[in-house]
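>>> Just the structure for this:
(one chain, ligands or ions: 2)
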Amino acid sequence: MAAVAAATTTAAANLKLSLLRPHFCPPRHAFYPTTPYLNMHGTRNASTFVQKQRRLLLLLPPRAFTLDVPGPFLQDAGATIIVVGGAYGLVAGFDYLTQRQIIEQNLSRKLVHILSGLLYMGCWPIFSTSTDARYFAVIAPLLNCTRLLVHGLSLVPNEDLIKSVTREGKPEELLRGPLYYVLMLILSSLLFWRDSPIGVVSLSMMCGGDGIADIMGRRFGLHKIPYNKQKSWAGSISMFLVGFLVSVGMLYYFSKLGYFELDWLKTMERVAMVAIVATLVESLPTKGGLDDNISVPLVTFVFVQWRS
Ligand SMILES: Nc1ccn([C@@H]2O[C@H](COP(=O)(O)OP(=O)(O)OP(=O)(O)O)[C@@H](O)[C@H]2O)c(=O)n1
Ligand SMILES: C/C(=C\CO)CCC[C@H](C)CCC[C@H](C)CCCC(C)C
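Ligands and ions are numbered 1, 2, ... in the order given. Got it, this is the predicted structure:
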């Protein structure tokens, strides 16, 4: 009798858990804990997840011999150097292209907008599984934040940075869109990191979606949106499509690496809803109001939470 009662209670608890389970499942490594430290002789202690991370770091194909990564601190320090170097390289590269008039200033600004956040997120797996890894990851955006403040306040002039990331070439522009953008990268890394689809989708909408709206809208935006003559159907439709595709691509990337598991049908549905909301928010008239680099990711954070 007692055994039957116990079995019934367990079954009821399991049913309750499965009903409460969100569509975005908890990170897989919550179920399969990983060992960040590897033994001296090989990978005996390493879980599949850690092995995947190490392969990615070393850019070696699966099954190839992998060198020992000497502890999370060195791995995170190395990853930080790569990301900080990548950020400087990206801005310098676009500055070179604008200086040579290979691309115009506004296109450079939008390409930096699209690429920097997506490449930044793409680099998250090269950080260790340590709980401190996210603090190393925010070093690059923090340095860029300082850089934007120093040059935006004209404490030290920097024509190169201004040319590659501003619209009109004024230093104070660095204190608006670009500054809000790096602050959102920091916020999302600290709050969600690579363990949650929420941060991944929000940044994908801000980088991919919002970035492409400008590029397409300026080129093909003949037909304006009825409630905002500054924005066009071409820009908003591109934002929806690219925001959706980039989000799904990023979610696939992180789920393949084992950071979380997704029910793909529900995920697609949810990402489509989020893309519609982010596109609507971006299309609103905001003269003097909230910048898109704040409104788009913040609304996405809130909307995904609310739907969870
Ligand atoms: N849905 C959209 C968004 C943008 N655009 C085009 O892109 C230009 C700039 O858009 P906006 O988002 O206002 O850009 P910025 O103010 O430069 O934004 P940010 O500083 O956030 O980059 C608009 O004038 C418009 O030509 C568009 O056609 N349709
Ligand atoms: C032009 C921008 C926004 C306006 O809407 C983006 C500004 C980007 C920053 C100046 C540079 C940010 C760099 C990232 C923090 C790190 C990128 C690393 C990666 C590996 C290239």
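>>> Can you report how many residues neighbour Arg176?
17 (other CB atoms under 10 Å). (Each C-beta comes from the backbone N, C-alpha and C, glycine too.)
>>> Leaving out the residues flanking it, which one is nearest to it?
Leaving out its chain neighbours, the residue that sits closest to Arg176 by CB to CB, 6 or more residues apart in numbering is Asp291, at 6.1 Å.
>>> what's the answer for Asn106, then?
Per CB to CB, 6+ apart, closest to Asn106 is Arg167, 5.9 Å.
>>> Pull the contacting residues for that neighbour.
Applying CB atoms under 8 Å, 6 or more residues apart in numbering to Arg167 gives the contacts 105-106, 109, 173.
>>> That one: what secondary structure?
coil (DSSP: H, G, I helix; E, B strand; the rest coil).
>>> Show me which residues of the stretch 101-250 of the chain are close to ligand 1?
167, 177, 213-214, 217-218, 221, 230-232, 235-236, 239 (CB under 6 Å from any ligand atom).
>>> still on that earlier bit, among the contacts of Arg167, find me the one that's closest to Val296.
Closest approach to Val296 among the contacts of Arg167 (CB to CB): Arg109, at 16.4 Å.
>>> check whether the longest helix along the chain contacts ligand 2.
Longest helix of the chain, by residue count under DSSP state H: helix 71-99. Yes: counting by CB under 6 Å from any ligand atom, ligand 2 is contacted by helix 71-99 at 83, 86-87, 90-91.
>>> Who are the packing partners of that helix?
helix 105-122, helix 133-137, helix 139-152, helix 159-165 (3 or more CB pairs under 8 Å, 6 or more residues apart in numbering; DSSP states H and E).
>>> where exactly do the helices run in the chain?
Ranges of helices within the chain are 2-20, 28-31, 48-58, 71-99, 105-122, 133-137, 139-152, 159-165, 177-191, 197-204, 210-220, 233-256, 264-283, 292-307, based on DSSP H.
>>> which stretch in the ones you listed is the model least sure about?
When the helices of the chain are compared by mean pLDDT, helix 28-31 comes last with a mean of 35.
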